[in-house]
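Trainee: Sequence first, predicted coordinates after that:
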Amino acid sequence: MYPPPPPAPHRDFISVTLSLGESYDNSKSRRRRSCWRKWKQLSRLQRNVIFFLSAFLILCGFLSYVHMADQWKALSGRSLEDQKIIPEIPELKPAKLLILSARQKAGDNPEDSPKILLQKFGKHVRRGPPRLQIRPPNTVSKDGIQDDAKEQEAALGDAHQEEDMQRTVISWRGAVIEPEQGTELPSRRAEASTKPSLLAAKMQEKTVPPNERQKAVIEAFLHAWKGYRKFAWGHDELKPVSKSFNEWFGLGLTLIDALDTMWILGLKQEFQEARTWVSQKLNFKKNVDVNLFESTIRILGGLLSTYHLSGDSLFLRKAEDFGNRLMPAFTTPSKIPYSDVNIGTGVAHPPQWTSDSTVAEVTSIQLEFRELSRLTGVKKFQEAVEEVTKHIHSLSGKKDGLVPMFINTHSGLFTHPGVFTLGARADSYYEYLLKQWIQGGKKETQLVEDYLAAIEGIKTHLMRHSQPRKLTFMGELAHGRFNAKMDHLVCFLPGTLALGVHHGLPANHMELAQALMETCYQMNHQMETGLSPEIAHFNLYPRADRRDVEVKPADRHNLLRPETVESLFYLYRVTGDHKYQDWGWEILQNFNKYTRIPSGGYSSINNVQDPQRPEPRDKMESFFLGETLKYFYLLFSDDPNLLSLDTYVFNTEAHPLPIWAPT
């Protein structure tokens, strides 16, 4: 028999001692027997307590994991793709500073000025990216009544709960409080090296409340938005008469085009609702062909502009995703991009009927792609479009700075030579020469030289004067033959000329701008509805029975285009002459009289010469909200600093992008 085991030592607590002191050469089986022997020495109560504690700890760990997962999901509300970069703001002071700043503006705490708040909390306050943020005017509700301070604070509180607010705190008045150093997004690495603006002083400026004409624009926007929201939400275009929608790309084109307009007009509720759609519904991973030019100026430009105005990085992430999906269009032998690209499959191609692209389309995407590179630090976007610009610059086939309308994507050469116009397929080439030069800080002399040469070519070959009022207009030249035909699209030119003068180009360009602005106004004023036709022909012969502006039956439709209002905005900003505001007010009233649909929305019309039967075409283009109403609002503004021409340059879809600060 074995001698009885020695008595176990007295224990006041449960203890399990493992033989950790054994040498490393003991076998695994011996260690297992030793542990098992120790376990058998415990009483049943001790074993049950250990089992209970182990099970309890496992259960607590599992419940803690589930709770944390639910809490994270509730806070972020974002997809897995969106959760790739989520740096934390290290402390809550920016939010406190923002709310106190809003209260101070509302009059709750007049002693807490922005400067004092900055001293208290020690943060840099900027309007979005460096020196680029604007403050929309005081917000106006649907009945035209100004929102009070409590609603402003409520909007601020809602904004803090949105995704991306963990990264950047946004004020509806444009103040953006940046995270501490080291928390910048990878997609904003290009901004990290720039200097913050002097927003502390700017924040003390009082915003100018909207005047009566601006309130009329807000009312018009809300009426158009009501129709879109009710009958076409999330679709490309509203069909206001049939109360349905039309799809072009299937990407919510009107909604994206209108984002920055809502921000500028101060429509908080509408903007937040649209932002939620962008966050939850906008998906570019779909098998659909998009036109490179149209999708760049409307979608990419709209997202970039909204990012700059709001500081909300959701829009920058969406812009970068979309920009990447457009890049296959540049994979051509000549590097002149194809007109169309499938954003889901990455397959790019020209139109079915030709291998050509239009010159305006391939040369009017530069502002957007260049800005995307600046924000993301990814050079491929800028390099692709600037290679196109340099290639066009080097080509022969121009006529005193004027370019043909088509270019072959395989050879890289102009096609259909000898045809020159400022209308469709060529117009924005000239616009973007000037605007790229402005965007880049006026350093790229090649661009402004090409622009100045083109203006001289326009004067020499395309400019004429009508009869009997001697209106200045721009016709077309086809193989040496002049055609007195002018698209409404050409009415971009007076505004572009005025913008150039504002930035130091020859003063005599303003004389041409004012003369051409008069013509564009008369294209509206001489029509029975007071709205311009799509195309006008001008009388060159002195006959008493003929007017200056004549319209052919196929050309008398109006598409709610913005070009006349756009140029009125520039002319008013540069000259300060209130007649341009009055002309715009007249046009807005005519839009309300002949194109407004009672159930919601505005419609293009077939006949600008028949006020009794204008014949709605049942289509509201996205640019009516993205451009036309935005330019009306800016035209009527009493605040010259609202989207200053020294701070922003507008893309050809009226989306403001920043002028790059000198480095």
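Mentor: Noted; the coordinates are in hand.

Trainee: how close does the most centrally placed residue in the chain sit to residue 46?
Mentor: For the chain, the residue nearest the mean C-alpha position is residue 302 (2.1 Å; CA atoms, centre = their mean). Separation of residue 302 from residue 46 (CB to CB, to the nearest Å): 70 Å. (C-beta placed from N, C-alpha, C; glycine too.)

Trainee: And residue 601, by the same measure?
Mentor: Distance of residue 601 to residue 46, computed by CB to CB: 78 Å.

Trainee: of the two, who's got more company?
Mentor: Per other CB atoms under 10 Å, whichever of residue 601 and residue 46 has more neighbours is residue 601, with 31 against 16.

Trainee: wait, doesn't that one sit right on residue 227?
Mentor: Yes. The pair residue 601 / residue 227 is scored as a contact, 3.0 Å apart, by CB atoms under 8 Å.

Trainee: which neighbours do these two share?
Mentor: 238, 240, 620 (CB atoms under 8 Å, 6 or more residues apart in numbering).

Trainee: which strand residues sit across from the nearest residue to residue 249 once chain neighbours are set aside in the sheet?
Mentor: Excluding its sequence neighbours, the residue lying closest to residue 249 (CB to CB, 6 or more residues apart in numbering) is residue 290, at 4.8 Å. Here residue 290 sits in beta bridges with residue 341, as judged by DSSP bridges.

Trainee: Double-check residue 290 against residue 341; I have them as touching.
Mentor: Yes. Applying CB under 8 Å, one finds residue 290 in contact with residue 341, separated by 6.3 Å.

Trainee: Overlap in contacts, the two.
Mentor: Counting by CB under 8 Å, 6+ apart, the residues touching both residue 290 and residue 341 are residue 326.

Trainee: Surely the residue nearest to the centre of the chain and residue 257 touch.
Mentor: Yes. At 5.3 Å, residue 302 and residue 257 qualify as touching, with contact defined as CB under 8 Å.

Trainee: what's the burial count for residue 646?
Mentor: When counting by other CB under 10 Å, one arrives at 10 neighbours for residue 646.

Trainee: and if you look at the one 10 residues further on?
Mentor: The tally of other residues near residue 656 (other CB under 10 Å) stands at 25.

Trainee: Surely it is in contact with residue 306?
Mentor: No. Between residue 656 and residue 306 there is no contact, the gap being 9.9 Å when judged by CB under 8 Å.

Trainee: if I pick the residue nearest to the centre of the chain, what's in contact with it?
Mentor: With contact taken as CB under 8 Å, 6+ apart, residue 302 is in contact with 256-257, 259-260, 626, 653, 655.

Trainee: go on, residue 626?
Mentor: 254, 257-258, 260-261, 298, 302, 653-655.

Trainee: tell me the domain ranges of this structure?
Mentor: Domain assignment for the chain by automatic domain parsing gives 93-202, 212-658.

Trainee: Helix or strand for residue 453, just tell me which one.
Mentor: For residue 453, the host element (DSSP states H and E) is helix 445-461.

Trainee: and residue 370, what element?
Mentor: Counting by DSSP H and E, residue 370 is part of helix 366-376.

Trainee: Heading C-terminal from that helix, find the next helix or strand.
Mentor: Heading C-terminal from helix 366-376 (DSSP H and E), you reach helix 380-394.

Trainee: surely residue 447 meets residue 430?
Mentor: No. Contact criterion CB under 8 Å: residue 447 and residue 430 do not qualify, at 11.0 Å.

Trainee: more neighbours, these two?
Mentor: residue 430 (26 against 22).

Trainee: Confirm that that one sits in a helix.
Mentor: Yes. Read with DSSP: H, G, I helix; E, B strand; the rest coil, residue 430 is one of the residues of a helix.

Trainee: I'd assumed residue 618 was in contact with residue 242.
Mentor: Yes. Applying CB under 8 Å, one finds residue 242 in contact with residue 618, separated by 5.5 Å.

Trainee: Which one of the two is surrounded by more residues?
Mentor: Taking other CB under 10 Å, residue 242 and residue 618 do not tie; residue 618 has more neighbours (17 against 13).

Trainee: What does the pLDDT read for the residue lying closest to that one once chain neighbours are set aside?
Mentor: Computed as CB to CB, 6+ apart, the closest residue to residue 618 that is not its neighbour in sequence is residue 241, at 4.0 Å. Residue 241 carries a pLDDT value of 98.

Trainee: tell me, how many neighbours does residue 241 end up with?
Mentor: Neighbours of residue 241 using other CB under 10 Å come to 16.

Trainee: what's the spacing between it and residue 594?
Mentor: From residue 241 to residue 594 the distance is 13 Å (CB to CB).

Trainee: With residue 296 instead?
Mentor: 32 Å.

Trainee: hmm, back to that, so for residue 302 and residue 257, which residues contact both of them?
Mentor: With CB under 8 Å, 6+ apart, residue 302 and residue 257 have common neighbours 626, 653.

Trainee: picking that back up, could I get the contacting residues of the residue nearest to residue 249?
Mentor: Taking CB under 8 Å, 6+ apart, one finds 249, 251, 326, 340-343 in contact with residue 290.

Trainee: what do you get if the cut-off is 7 Å, keeping everything else the same?
Mentor: 249, 340-341, 343 (CB atoms under 7 Å, 6 or more residues apart in numbering).

Trainee: Format those as a markdown table; extra columns: pLDDT and neighbour count.
Mentor: As requested, the contacts of residue 290 are exported to a markdown table (pLDDT from 0 to 100; neighbours: other CB atoms under 10 Å):
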| residue | pLDDT | neighbour count |
| --- | --- | --- |
| 249 | 97 | 18 |
| 340 | 98 | 20 |
| 341 | 98 | 25 |
| 343 | 98 | 25 |
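
Trainee: Let me know the secondary structure of the closest residue to residue 337 other than its chain neighbours.
Mentor: Excluding its sequence neighbours, the residue lying closest to residue 337 (CB to CB, 6+ apart) is residue 329, at 4.2 Å. The three-state assignment at residue 329 reads helix, by three-state DSSP.

Trainee: Understood, closing this out.
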